[in-house]
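> Using only what follows, build the 3D model:
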Amino acid sequence: MTIYPILNQSAKNWRHIRQLREQGRVKEARRMERSRILAHVGALRQAVQNGGFLTNGRGGWTLHTDSYSTLSHCYPGMEQATPRCAVLLGIPCIDSTTIPDNKLAETINLPLAGAGGYSDPEPWGPLSVAPLEHVAGLYQALGATLYNIGI
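Residues are numbered from 1 along each chain as shown. Okay, the predicted model is just below:
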């Protein structure tokens, strides 16, 4: 499985890069594409190596690469390039966009998921950090879709 074609196609569609191409600045556009692709590949690699995960919500997606680092985007959707690549690479993903509106407020009381196996000691409540599988199960009970997470 290769993620480069997905990231490359996505990079070509970024507004700023499209504008550079329209202005005839093709070399600069390609240099920016490569830079963005490498940044996303690096973040995906970190997530795989460090037990990271991806969350997708109504406000966008966030790739948690380790306990302190993230890569995020304000456009929600598992069809976006980086979330698609995360699923292909086996990175655990929680998609909360499938939670019905009438249950959405309940997510505020859930603990945060810990990357790399990190968690606070029990009991877990709002703003505490719990194991990813535990948090994923709570989200799933509200209607979230899980990818690459065995519950």
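> Tell me where the protein is predicted with low confidence.
1 (pLDDT under 70).
> mind listing the strands for it?
53-57, 60-64, 70-73, 93-95, 112-114, 129-131, 145-147 (DSSP state E).
> Sheet-wise, list the partners of the fifth one with their directions.
When pairs are called by DSSP bridges, strand 112-114 turns out to pair with strand 129-131 (parallel).
> try the fourth one
Based on DSSP bridges, the pairing partners of strand 93-95 within the sheet are strand 53-57 (parallel), strand 145-147 (antiparallel).
> Format the strands of the chain as CSV; extra columns: mean neighbour count and distance to Leu138.
Any C-beta I mention is one placed from the backbone N, CA and C, and that applies to glycine too. Formatted as CSV, those follow (neighbours: other Cβ atoms under 10 Å; distance: least, Cβ to Cβ, whole Å):
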stretch, mean neighbour count, distance to Leu138
strand 53-57, 24, 13
strand 60-64, 21, 17
strand 70-73, 16, 21
strand 93-95, 22, 10
strand 112-114, 20, 10
strand 129-131, 19, 8
strand 145-147, 17, 11
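> So for Gln19, which of these sits nearest?
strand 70-73 (18.8 Å; Cβ to Cβ).
> For the closest one, name the packing helices and strands.
On a contact count with 3 or more Cβ pairs under 8 Å, 6 or more residues apart in numbering; DSSP states H and E, strand 70-73 meets helix 26-50, strand 60-64.
> Recalculate using a threshold of 10 Å.
If contacts are counted by 3 or more Cβ pairs under 10 Å, 6 or more residues apart in numbering; DSSP states H and E, strand 70-73 sits against helix 26-50, strand 53-57, strand 60-64, helix 81-88.
> what about the strands of the chain, which gets the closest to Ala81?
Here strand 70-73 is closest among those (Cβ to Cβ), at 9.3 Å.
> Give me the distance between that closest one and the centre of its chain.
Centroid displacement of strand 70-73 relative to its chain, using Cα atoms, centre = their mean, to the nearest Å, is 7 Å.
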